[in-house]
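Visitor: Return atomic coordinates for the entry below.
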Amino acid sequence: MSVTAVGPALDLDGPLPVARRHSLLLTDGVLKEEVSDRWLNGVNVYGYPEGVPSLWEPCSTGTYRTKDEGSEISIPRFDSVAIYFPLQCSSLGMGNFDAWAQRVEAALEATLSYGVEKVLAQGALTSTNPSLADTNLVELTGAPVAPKIGLRYLENAIAELTGRDGLIHAGPAIIDAWGEGNGLRDNDHLATPAGTRVVSGAGYVDIDPATKAQATGTIDWAFATGPVEVRVRDGFDISEEESLDRSDNTVVYRAEKYVLAEWDTALQVGVRIDWSLA
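Guide: All right, here's what the predicted structure looks like:
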């Protein structure tokens with residue numbers, strides 16, 4: 001009996017990591033490209049007057065002529081955050097270091113929006129940046145609601161509290177529920193029938209607000225804010241020598257980017273949505 005050998009297994013590149021469609025960084029107007037990197041030291045975000053305009057009738061007299069004095073502009077502080085993707089390998093089987101490092105960089109590029117969404121929604125360890133789920137979050141309902149009801153709460157909050165364009169943030173399960181005839185349209189970007197842009201963010205899953213009920217089971221948070229801006233800068237290149245631990249011949253490479261995600265904090269509302277409901 002003869003046996004035909006076909007030789008060792010062939011090495012192939014796996015499918016290229018691809019960023020999620022409709023993630024935060026792929027939403028129109030969010031990513032800001034700038035020559036200056038001064039934002040790495042942190043920024044103070046000067047917003048615009050909050051709320052909606054008041055009304056008065058110029059022919060009125062007496063106390064009816066009293067006008068609102070308005071409120072001060074908030075100036076929240078945001079600092080940059082490092083987002084990284086680590087990978088460990090034995091130097092004995094790693095092969096070409098540059099090719100190996102490029103794989104880690106590709107993984108970070110595809111998942112960068114997840115990290116930005118997580119920072120924006122939940123914050124980062126030791127960071128004092130405002131986040132969507134911090135103590136300033138206003139919950140629009142006292143209990144979880146059906147997807148289409150939650151979307152309407154968010155839309156009305158944007159309209160009533162700002163009178164301007166806003167941005168809705170939600171995880172994929174809620175987005176899927178909204179897409180089943182409950183409100184979203186998808187042209188070049190996700191939007192509600194009223195035209196509000198919607199972010200489908202993997203980083204918005206299982207967010208636990210500081211003072212509100214946590215996400216659990218089929219219940220997740222969805223948020224509404226004003227426009228969001230994100231600035232991204234490459235991290236520092238790390239050589240093979242800097243990555244190598246000679247005591248055990250282990251290479252640990254960290255692809256890294258610096259990110260600043262900010263909004264004016266004038267609108268910060270959320271609703272718990274049970275995406276299992278019709």
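
Visitor: Do you have the strands of the protein handy? List them.
Guide: Per DSSP state E, the chain carries strands over the ranges 43-44, 77-78, 81-90, 138-139, 167-170, 185-186, 190-191, 197-200, 219-225, 229-234, 244-245, 250-262, 268-274.

Visitor: any chance of those in TSV, plus distance to residue 104 and mean neighbour count?
Guide: From N, CA and C alone the C-beta is placed, and that goes for glycine too. What follows is the strands of the chain, written out as TSV (distance: least, C-beta to C-beta, whole Å; neighbours: other C-beta atoms under 10 Å):
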stretch	distance to residue 104	mean neighbour count
strand 43-44	29	14
strand 77-78	27	16
strand 81-90	5	16
strand 138-139	39	14
strand 167-170	28	26
strand 185-186	32	12
strand 190-191	30	19
strand 197-200	25	26
strand 219-225	30	25
strand 229-234	13	17
strand 244-245	15	14
strand 250-262	4	20
strand 268-274	34	23
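
Visitor: can you list these in a markdown table and add mean pLDDT and distance to residue 160?
Guide: Output for the strands of the chain, formatted as a markdown table (pLDDT from 0 to 100; distance: least, C-beta to C-beta, whole Å):
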| stretch | mean pLDDT | distance to residue 160 |
| --- | --- | --- |
| strand 43-44 | 95 | 28 |
| strand 77-78 | 96 | 26 |
| strand 81-90 | 84 | 32 |
| strand 138-139 | 97 | 12 |
| strand 167-170 | 98 | 15 |
| strand 185-186 | 74 | 22 |
| strand 190-191 | 92 | 19 |
| strand 197-200 | 96 | 18 |
| strand 219-225 | 98 | 11 |
| strand 229-234 | 95 | 24 |
| strand 244-245 | 65 | 57 |
| strand 250-262 | 88 | 24 |
| strand 268-274 | 98 | 10 |
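
Visitor: Which among these is found nearest to residue 97?
Guide: Distance to residue 97, taken as C-beta to C-beta, is lowest for strand 250-262 among the strands of the chain, at 7.4 Å.

Visitor: Alpha carbons of the closest one, in PDB - could you do that?
Guide: Written as PDB, here are the backbone C-alpha positions of strand 250-262 (Å, rounded to 0.1, in the frame of the first residue of the first chain):
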ATOM      1  CA  THR A 250       9.000  36.500  23.900                       C
ATOM      2  CA  VAL A 251       8.100  39.500  21.700                       C
ATOM      3  CA  VAL A 252       5.200  41.700  22.900                       C
ATOM      4  CA  TYR A 253       4.200  44.300  20.300                       C
ATOM      5  CA  ARG A 254       1.600  47.000  21.000                       C
ATOM      6  CA  ALA A 255       0.100  48.900  18.100                       C
ATOM      7  CA  GLU A 256      -1.000  52.200  19.500                       C
ATOM      8  CA  LYS A 257      -2.800  55.400  18.600                       C
ATOM      9  CA  TYR A 258      -3.600  58.600  20.600                       C
ATOM     10  CA  VAL A 259      -7.200  59.700  20.500                       C
ATOM     11  CA  LEU A 260      -9.200  62.700  21.600                       C
ATOM     12  CA  ALA A 261     -13.000  62.200  21.500                       C
ATOM     13  CA  GLU A 262     -15.100  65.100  22.600                       C
END
